[in-house]
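Novice: Got a predicted model here, sequence first, then my questions.
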Amino acid sequence: MYKSNKVVTAAMTLLVIFMSMPSANGQANNKTAKCDEAFDPIEFIKRFKIGMSYTEVQSALPKSVDQDILSYITTEEVFFLSVDLPGPGSWNASFKFDTLDAALRRPERMVELSCSAGLSSRSESFDSIVLKVTEAFGEPVQVSRSESKFQQAGWRVSGGSVLTLEYSIVPNGAGNNVSIEFIIKKNPRHNSANSKAVA
């Protein structure tokens, strides 16, 4: 009888431990969620510089990001890597790498970074984002606050690179959708929307 009670007690103890495990996981998930909410795209961008190697970019990426398969874009002769970033707003980033050895076709140096999100409401105005980027990178070379739904600003960053902010508003039935994109390029060559922001 004593032995059977001991077995029942041990079984109950294991059951209590097992039942408490999901709540511990829940606490870990809450910590992750809090960490995700603290995602700052400007701090993320500051980790990267044009010319970084593929290995350096991998080291600078947060450990929790989901990466797509590295692909080669034949028309641009670059490798393309897309990652999903933590936090609200569906932030994602994409990187382009040149290939110095055409025969081997491997990613070498970063030539472009794009970090973007689509938000369900105007949680941040264009001017508030410009202020945050200015605090991180200095005064912008140009800010375009047009009356249209599309606004831009540009900053010179390390190594002669250009950081462009593109901010657009798309009205919908529930309010406004906001699209935010940060792009870092070196020496824009075409008279595109990206280069106009910093012309």
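Specialist: That came through fine.
Novice: L100 - that's part of a strand, no?
Specialist: No - according to DSSP: H, G, I helix; E, B strand; the rest coil, L100 belongs to no strand; its state is coil.
Novice: The chain: helices as residue ranges?
Specialist: Applying DSSP state H to the chain gives helices spanning 2-37, 41-46, 54-60, 126-137, 193-196.
Novice: Quick one: low-confidence residue ranges for this protein.
Specialist: 1-38, 87-89, 102, 120-122, 147, 173-175, 187-199 (pLDDT under 70).
Novice: Outline the domain layout of it.
Specialist: Under the assignment automatic domain parsing, the domains of the chain span 1-38, 39-196.
Novice: Any idea how far apart the tips of stretch 101-118 sit?
Specialist: 36 Å (Cα to Cα, to the nearest Å).
Novice: again, but for stretch 45-64
Specialist: As for stretch 45-64, its first-to-last residue distance stands at 16 Å under the measure Cα to Cα.
Novice: what's the answer for stretch 115-129, then?
Specialist: Across stretch 115-129, first to last residue, Cα to Cα, it's 14 Å.
Novice: Not counting its own residues, what contacts that stretch?
Specialist: Counting contacts by Cβ atoms under 8 Å, 6 or more residues apart in numbering, the residues outside stretch 115-129 that touch it are 41, 44-45, 85, 89-93, 145, 151, 153, 165, 167, 169, 174-182. Any C-beta I mention is one placed from the backbone N, CA and C, and that applies to glycine too.
Novice: Please repeat the previous calculation with a cut-off of 7 Å.
Specialist: For stretch 115-129, contacts defined as Cβ atoms under 7 Å, 6 or more residues apart in numbering pick out 41, 44-45, 89-93, 145, 151, 165, 167, 169, 175-182.
Novice: Among the residues you listed, which lie within strands?
Specialist: Judged by DSSP state E, the contacts of stretch 115-129 include 92-93, 151, 165, 167, 169, 175-182 as members of strands.
Novice: Pull out the buried residues from those residues.
Specialist: 92-93, 151, 165, 167, 169, 178, 180-182 (16 or more other Cβ atoms under 10 Å).
Novice: outside of stretch 137-157, which residues touch it?
Specialist: Here stretch 137-157 makes contact (Cβ under 7 Å, 6+ apart) with 126, 130, 133-134, 162-170, 184, 197-198.
Novice: Take it, keep the C-alpha atoms, and write them as CSV.
Specialist: Extracted in CSV, the C-alpha atoms of stretch 137-157 (Å, rounded to 0.1, in the frame of the first residue of the first chain):
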residue,chain,number,x,y,z
PHE,A,137,22.1,60.0,-39.3
GLY,A,138,22.2,63.8,-39.2
GLU,A,139,20.4,66.4,-41.3
PRO,A,140,18.7,65.2,-44.5
VAL,A,141,19.9,66.5,-47.8
GLN,A,142,16.3,66.9,-49.0
VAL,A,143,12.8,66.4,-47.7
SER,A,144,9.8,66.3,-50.0
ARG,A,145,6.5,67.0,-48.1
SER,A,146,4.3,67.2,-51.1
GLU,A,147,0.5,67.4,-50.8
SER,A,148,0.3,64.0,-52.6
LYS,A,149,0.1,60.6,-50.8
PHE,A,150,3.8,60.0,-51.5
GLN,A,151,6.6,61.7,-49.5
GLN,A,152,10.4,61.3,-49.5
ALA,A,153,13.5,62.2,-47.6
GLY,A,154,17.1,61.4,-48.2
TRP,A,155,20.3,61.3,-46.1
ARG,A,156,24.0,60.8,-47.0
VAL,A,157,25.4,57.9,-44.9
